[in-house]
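# below: sequence and its predicted model.
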Amino acid sequence: MKKHPLAIRWFHWINFPLLALMIWSGILIYWAYPAYRIGIGDFTLVKMNLDQTTWRALKVNNRLAEGMALHFFFMWLFVGNGVAYVAYTIFSGEWRELLPNRHTLRDAWNVVLHDLRIRKEPLPRTKFNGAQKLAYTGVIVMGIGSVLSGLAIYRPVQLSWLTAMFGGYPAARFVHFWLTVGYVAFFLVHIAQVVRAGWNNFRAMVIGVEVVDER
Amino acid sequence: MSDKELQRLTRRGFLTMGIAAGAGVATWKWLRTRPRDGGLQWPFRRVLEANESLSRGYFSTARLSPEFRRSDISRARINGRLGLKPPIDLKAWRLRIEGAAQPLLLALDDIKALPQHEMITELRCIEGWSTIVQWKGARLADLMAKFPPVARAEFVSLETPDRGYYVGLERESALHPQTLLAYEMNGQPLPLLHGAPLRLAIPVKYGIKNIKRIGTIRYTNVRPADFWAERGYDWYAGH
């Protein structure tokens, strides 16, 4: 059965190293001012920081200039690939498979219950289930948020209206950072689901066809 | 679909992906081994310059850095001591202007005689933090109007007296109305470690361009040297 069109497979696999480079160069930049944490008031659950020995062991220290150069180089490719992907889904009609509709929320909840082995009934056989629709559309919204918050901290005077929309410069940096943490969370769940779904499903993202059991 | 057909597709798909991955790795290796220009492999330097052209094309001196209220002023932070090492005699200090009709030596009172401007703006460090600071000083644009360059200056270079630190500005940022030669900070005369007697407050640039203890201002048509741009950073560093 045909599953993923060639173009979408290319966009997906090109995005993978580009997003990795954007996150990595982002970490090189973040090292210079690792200010964030998870916590309320005086209580800090997790500091989004490492001690200097660990930063050094990971070879992340003192590479701010390099990180910025990489970030402002690969941003073009990352954004270009993302725009091309969205344009393709619109013009090919693939968006119909991806965009959530009024059933999506209920479907997505059933997927979560199913995956946690709480709900026994099999999931309906559609190309993307509700949870996937939410995740794959959500990550595009996050991408748009990253580009906008990125621009807001890149040119906060010439684009001060945009920076103001995020609530100012520090707030825009905050949004830009936490969206990145969101990609990492997306990636972890995505990998877990790919492993769970198995070889046939993974291969479909490379060759485009998936073997369907007709019994 | 037959098993054979599937096998063929699988082989072809993974082969293509392997070749594409190899090409990606080769491109990355190539990028990382290019000769350096200002501490940066040249392809990255060229892209920073292309980004600069785009930004300069969009830049307008009419767009201002947001101003804040007095109560927003945050605790000042000392982050750079480059060029501030030698002891300084504030009374003997003079600002040297090069590139005007004749070389000039200005006293602080000559700067204070220019129209005074105050602003409360954000100083954004290239490291990622930012502070709100109140500045008082004269517009660099006013200085350039009163002591004009011999020919239209495309760039302005600013240096500390010992040349331990130096920054370059392109014309439009130098002429931006919020680009001040500041002698007061947060209502006080500029402290030594914040660049007494005269520093640059330039919110259209990252903190690195807000040079302290200015000794020389030079009008030039050659892109001036810039301390951090020689060490891998973007020369433009604009906001």
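Arrived safely, thanks for sending. Numbers count the residues shown, from 1 in each chain, chains lettered A, B, ... in the order given.
# next, count neighbours for B:Glu5.
Here the number of neighbours of B:Glu5 (other C-beta atoms under 10 Å in any protein chain shown) works out to 10. For glycine as for every other residue, the C-beta is placed from the backbone atoms N, C-alpha and C.
# what does the one 5 residues further on give?
The number of residues packed near B:Thr10 is 14, by other C-beta under 10 Å.
# residues in contact with it?
A:Arg203, A:Val206, A:Ile207 (C-beta atoms under 8 Å, 6 or more residues apart in numbering or on different chains).
# now do the contacts for the second one.
By C-beta under 8 Å, 6+ apart, the contact list for A:Val206 reads A:Arg9, B:Thr10, B:Gly13, B:Phe14, B:Met17.
# tell me where the chain has strands.
Answering for chain A, as no chain was given. Using DSSP state E, the strands found in chain A span residues A:37-40, A:43-47.
# let me rephrase: I mean chain B.
Counting by DSSP E, the strands of chain B are B:36-37, B:40-41, B:95-98, B:104-106, B:116-124, B:130-139, B:155-159, B:166-170, B:180-185, B:188-189, B:199-201, B:216-220.
# which residues sit against stretch A:92-109?
With C-beta under 8 Å, 6+ apart as the criterion, stretch A:92-109 contacts A:5, A:7-8, A:88-89, A:124, A:126-131, A:133-134, A:136-137.
# what parts of chain A come near chain B?
Taking C-beta under 8 Å from any C-beta of the partner chain as the contact definition, chain A meets chain B at A:13, A:17, A:29-30, A:32-33, A:35, A:64-66, A:68-70, A:72-73, A:76, A:155-158, A:160, A:163-164, A:168-170, A:173, A:203, A:206-209, A:211.
# can you give me the helices for chain B?
Along chain B, the segments classed as helices by DSSP state H run B:3-32, B:42-58, B:108-112, B:140-146, B:171-174.
# give me whichever of those helices is most buried.
Ranked by mean neighbour count, those are led by helix B:171-174 with a mean of 21 (mean count of other C-beta atoms under 10 Å in any protein chain shown).
# before we move on, the earlier item: any chance of the strands of chain B in CSV, with distance to B:Gly80, mean neighbour count and mean pLDDT too?
CSV is the format used below for the strands of chain B (distance: least, C-beta to C-beta, whole Å; neighbours: other C-beta atoms under 10 Å in any protein chain shown; pLDDT from 0 to 100):
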stretch, distance to B:Gly80, mean neighbour count, mean pLDDT
strand B:36-37, 24, 13, 96
strand B:40-41, 21, 22, 97
strand B:95-98, 20, 18, 97
strand B:104-106, 24, 15, 96
strand B:116-124, 11, 19, 98
strand B:130-139, 13, 21, 98
strand B:155-159, 14, 23, 98
strand B:166-170, 11, 24, 98
strand B:180-185, 14, 23, 98
strand B:188-189, 19, 12, 96
strand B:199-201, 11, 24, 98
strand B:216-220, 18, 20, 97
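# adding distance to B:Gly57, write the ones you listed out as TSV.
Putting these into TSV (distance: least, C-beta to C-beta, whole Å) gives the following:
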stretch	distance to B:Gly57
strand B:36-37	22
strand B:40-41	22
strand B:95-98	29
strand B:104-106	33
strand B:116-124	22
strand B:130-139	24
strand B:155-159	17
strand B:166-170	12
strand B:180-185	25
strand B:188-189	39
strand B:199-201	24
strand B:216-220	22
